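Participant: sequence first, predicted model second:
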There are 2 protein chains.
Amino acid sequence: MSSVPESPTPFVRLSREVVVENPWHRYCMDRYTQRDGSAGTYHYVDIAGSAATIPLFSDGTVVLVEGFRYLLDCWLLEFPIGGMQAGESALSVAQRELEEEAGLVACDWHSIGSFAPYKGVSNEICHYFVARDLEWTAQRLEPSEDIRVHRMPLGDARRRLLDARPADGQSLAGLLFLDRWLACESGGALDCELH
Amino acid sequence: MSSVPESPTPFVRLSREVVVENPWHRYCMDRYTQRDGSAGTYHYVDIAGSAATIPLFSDGTVVLVEGFRYLLDCWLLEFPIGGMQAGESALSVAQRELEEEAGLVACDWHSIGSFAPYKGVSNEICHYFVARDLEWTAQRLEPSEDIRVHRMPLGDARRRLLDARPADGQSLAGLLFLDRWLACESGGALDCELH
């Protein structure tokens, strides 16, 4: 957001400590001061980012994956998504996750938006793509993974994602980016890439 | 999600350790085994939940708040949101945050949906409300807080939230819940509460 460009950054970081480092993220503690002189600490998840994909067939169907989410203690229907490691591009991660989780490869990729899923506790930015010209291949899952693949009309996917309890915020964001992109596509633009 | 009710929980938790506890969340490490016998650890944010509100005036305008988000290093336009403490109701937190951050009190509240903003790293469920019959009062901010309040037509809010770089995933989810609720309201239902 650049709508308040005149305002200086209200925080000055004094130090950063990595409390826990694991293969997926770092949990950090920063010490900072604010403009009014008050000091504080901030605990947060530091992560390289993530990439998510909406696989869109020419007949208007999309693919959702369904896996068990340990932290929610339920099966969750979602668009394929995966975490980036430092140095990886969002597109390459999106392509790898789409193949591993959904068993799909695609020739036509478009970046359709990016968002912060959890602004208060994580610095993650999630990059969204739509993938077209899709072909089925084999899923590549870990032995312990169980991910089911569901193909359905976009309207059905929208209803199922929105009506799930809980809904998956990261998939909901993708629906809005897709709607914006499709509106732009239908407007006749040759290259509708927004980011 | 209950679409795979026949499947047993694929994870069995063996232990839980609280690595860090602060006023906002706990950072935990669980040890678990999976059905195939493989063992693992899971680091995550444990939090009581959150509550967010879309303040909707009868003229079709809504209110967004804009604050500096330390982890994103930018000013972010968003719907008022706040974390719950154990034992608090989502509605009471939504009402408190709306008054503190936006300087608004409301007589008419409806629950419009709930979602998991960050399923892979946090067990947080965010509960969304729409608030109507609004009246302005004073913001109640901490001395170090600087939160600007913006009232605008819903269509403008939608565009600004979606076009922000990065967009705020938690606010995007609210837009979809609001659309569903408004479609239901316009259908003539007396009580359109969905949850």
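Facilitator: It's in. Values in this document were obtained by computation on a predicted structure and should not be read as measured data. Numbering: from 1, shown residues only, chains lettered A, B, ... in the order given.
Participant: quick one, strands of chain A?
Facilitator: A:11-21, A:26-34, A:39-46, A:50-55, A:61-69, A:74-78, A:81-83, A:104-116, A:126-136, A:148-153, A:167-168 (DSSP state E).
Participant: just put those in a markdown table and tack on mean neighbour count, distance to residue A:93 and mean pLDDT.
Facilitator: (C-beta placed from N, C-alpha, C; glycine too.) Listed next are the strands of chain A as a markdown table, based on neighbours: other C-beta atoms under 10 Å in any protein chain shown; distance: least, C-beta to C-beta, whole Å; pLDDT from 0 to 100:
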| stretch | mean neighbour count | distance to residue A:93 | mean pLDDT |
| --- | --- | --- | --- |
| strand A:11-21 | 12 | 20 | 94 |
| strand A:26-34 | 18 | 18 | 95 |
| strand A:39-46 | 17 | 17 | 95 |
| strand A:50-55 | 26 | 4 | 98 |
| strand A:61-69 | 21 | 15 | 97 |
| strand A:74-78 | 21 | 16 | 97 |
| strand A:81-83 | 21 | 5 | 97 |
| strand A:104-116 | 20 | 12 | 98 |
| strand A:126-136 | 20 | 8 | 98 |
| strand A:148-153 | 15 | 19 | 98 |
| strand A:167-168 | 27 | 18 | 98 |
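Participant: got CSV for the ones you listed, with distance to chain B too?
Facilitator: Output for the strands of chain A, formatted as CSV (distance: least, C-beta to the nearest C-beta, whole Å):
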stretch, distance to chain B
strand A:11-21, 5
strand A:26-34, 4
strand A:39-46, 5
strand A:50-55, 8
strand A:61-69, 5
strand A:74-78, 5
strand A:81-83, 7
strand A:104-116, 4
strand A:126-136, 7
strand A:148-153, 7
strand A:167-168, 4
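Participant: which of those strands sits closest to residue B:27?
Facilitator: strand A:26-34 (5.4 Å; C-beta to C-beta).
Participant: for the closest one, packing partners?
Facilitator: strand A:11-21, strand A:39-46, strand B:11-21 (3 or more C-beta pairs under 8 Å, 6 or more residues apart in numbering or on different chains; DSSP states H and E).
Participant: nearest residue to the middle of chain A?
Facilitator: Note on chain A: the residue nearest the mean C-alpha position is residue A:126, at 3.8 Å, using C-alpha atoms, centre = their mean.
Participant: beta partners of that residue?
Facilitator: residue A:50, residue A:115 (DSSP bridges).
Participant: wait, it touches residue A:114, no?
Facilitator: Yes - using C-beta atoms under 8 Å, residue A:126 is in contact with residue A:114, at 6.5 Å.
Participant: how near is the residue sitting furthest away from the middle of chain A to residue B:116?
Facilitator: Centroid-distance maximum for chain A: residue A:37 at 35.9 Å, with C-alpha atoms, centre = their mean. In this view, residue A:37 and residue B:116 are 37 Å apart by C-beta to C-beta, to the nearest Å.
Participant: residue A:89 too?
Facilitator: Relative to residue B:116, and taking C-beta to C-beta, residue A:89 is found at 27 Å.
Participant: thanks a lot, see you next time.
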